[in-house]
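Novice: This is a predicted model, with the sequence first.
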Amino acid sequence: MMAQISLRIEDDVKKKAEQACADIGMSLSTAINIYLKKLGRERRIPFEVSVDPFYSESNMEHLRRGVEALNAGKGVEHDIIEVDE
């Protein structure tokens, strides 16, 4: 017997995942089944999950101080730096 799962994800996330699966010769459904089997067997998420270091408490405090300085007229504004992904 097979169960059916329904979930909502962003369109671009789904498209990129489908393309990655197609590139290695499997369907998205197969990839999700592999993930769920490994999760059930190992009882852990089978890859590293970490927080973006940008949001560390020390960095957020630094950003808050910078915003406060700008709002008080004491800071220096910088241009946005564009990063290619």
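Specialist: Looks like it arrived, so ask away. Numbering: from 1, shown residues only.
Novice: what about the helices in this structure?
Specialist: Here the chain has its helices, by DSSP state H, at 11-23, 28-42, 57-71.
Novice: relative orientation of the first one and helix 28-42 in degrees?
Specialist: Interaxial angle, helix 11-23 versus helix 28-42 (axes from the mean of the first three to the mean of the last three Cα atoms, to 10 degrees): 90 degrees.
Novice: So which elements touch helix 11-23?
Specialist: helix 28-42 (3 or more Cβ pairs under 8 Å, 6 or more residues apart in numbering; DSSP states H and E). Every C-beta, even on glycine, is put in place using the N, C-alpha and C of the backbone.
Novice: Return the set of buried residues in the helix it packs on.
Specialist: Neighbour-count burial for helix 28-42, counted by 16 or more other Cβ atoms under 10 Å, picks out no residue.
Novice: Likewise for stretch 16-28?
Specialist: Going by neighbour count (16+ other Cβ under 10 Å), the buried part of stretch 16-28 is C21.
Novice: average pLDDT for it?
Specialist: When pLDDT is averaged over stretch 16-28, the result is 95.
Novice: As CSV, could you dump the C-alpha coordinates of that stretch?
Specialist: Taking C-alpha atoms only, stretch 16-28 is exported to CSV below (Å, rounded to 0.1, in the frame of the first residue of the first chain):
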residue,chain,number,x,y,z
LYS,A,16,15.3,23.6,-9.2
ALA,A,17,14.8,20.3,-7.3
GLU,A,18,13.1,18.7,-10.3
GLN,A,19,15.9,19.8,-12.6
ALA,A,20,18.6,18.5,-10.2
CYS,A,21,16.8,15.2,-10.0
ALA,A,22,16.4,15.0,-13.8
ASP,A,23,20.1,15.7,-14.2
ILE,A,24,20.9,12.6,-12.1
GLY,A,25,18.2,10.5,-13.7
MET,A,26,15.5,10.3,-11.1
SER,A,27,12.1,11.9,-10.3
LEU,A,28,11.4,14.3,-7.5
